[in-house]
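>>> Sharing a sequence plus its predicted fold:
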Amino acid sequence: QPLFSRSFTRLDVDRLAGETAGPLADEVRRSAARARNRTSDRALPRFTQEVDGVRRIVEEPPLITRLPDD
């Protein structure tokens, strides 16, 4: 499955938890709660900086470098 379509796949957590029993249902709920808090919105400030009102990815050579503008 292409990455783009995987990005938008959703899981009905309540249904999954309802169809499982005992500790597994509890783990499904706990995992879903943790996943809701771990979004790219939290990562954005760590990996970017604002320059003149525009967010730019922070360079971390040699892995992350900006390409020349030309």
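Noted; the coordinates are in hand.

>>> Against residue 18, how distant is the residue lying closest to residue 57 once chain neighbours are set aside?
Spatial nearest neighbour of residue 57, chain neighbours left out: residue 48 (5.6 Å); criterion: Cβ to Cβ, 6 or more residues apart in numbering. C-beta coordinates here come from the backbone N, C-alpha and C atoms, glycine included. Shown here: residue 48 relative to residue 18, a distance of 39 Å by Cβ to Cβ, to the nearest Å.

>>> next one: residue 46
As defined by Cβ to Cβ, residue 46 lies at a distance of 36 Å from residue 18.

>>> just residue 68 next, same as before
Distance of residue 68 to residue 18, computed by Cβ to Cβ: 54 Å.

>>> Also residue 25?
When Cβ to Cβ is applied, the distance between residue 25 and residue 18 equals 8 Å.

>>> higher neighbour count, the two?
When residue 25 and residue 18 are compared for neighbours, residue 25 comes out ahead with 14 against 11, by other Cβ atoms under 10 Å.

>>> mind listing what that one touches?
Residue 25 sits next to 17, 18 when contact means Cβ atoms under 8 Å, 6 or more residues apart in numbering.

>>> in this protein, which helix has the most residues?
Looking only at the chain and at elements set by DSSP state H, the helix with the highest residue count is helix 22-37.

>>> Now residue 54, what are its backbone angles?
When quoted as degrees, to the nearest 10, the phi and psi of residue 54 stand at phi -120, psi 130.

>>> Residues in a beta bridge with it, which ones?
When assigned by DSSP bridges, residue 54 has beta-bridge partners residue 51.

>>> separation between it and residue 30?
Per Cβ to Cβ, residue 54 is found 38 Å from residue 30.

>>> Show me the shaky parts of this protein.
1-10 (pLDDT under 70).

>>> at 50 instead, please
In the predicted model, the chain carries no residue with pLDDT under 50.

>>> What residues sit buried inside the strand or helix carrying residue 43?
Element membership for residue 43 (DSSP states H and E) is helix 40-47. Of the residues in helix 40-47, none are scored as buried under the neighbour-count criterion (16 or more other Cβ atoms under 10 Å).

>>> which other residues reach it?
Defining contact as Cβ under 8 Å, 6+ apart, one finds that helix 40-47 is touched by 55, 57, 58.
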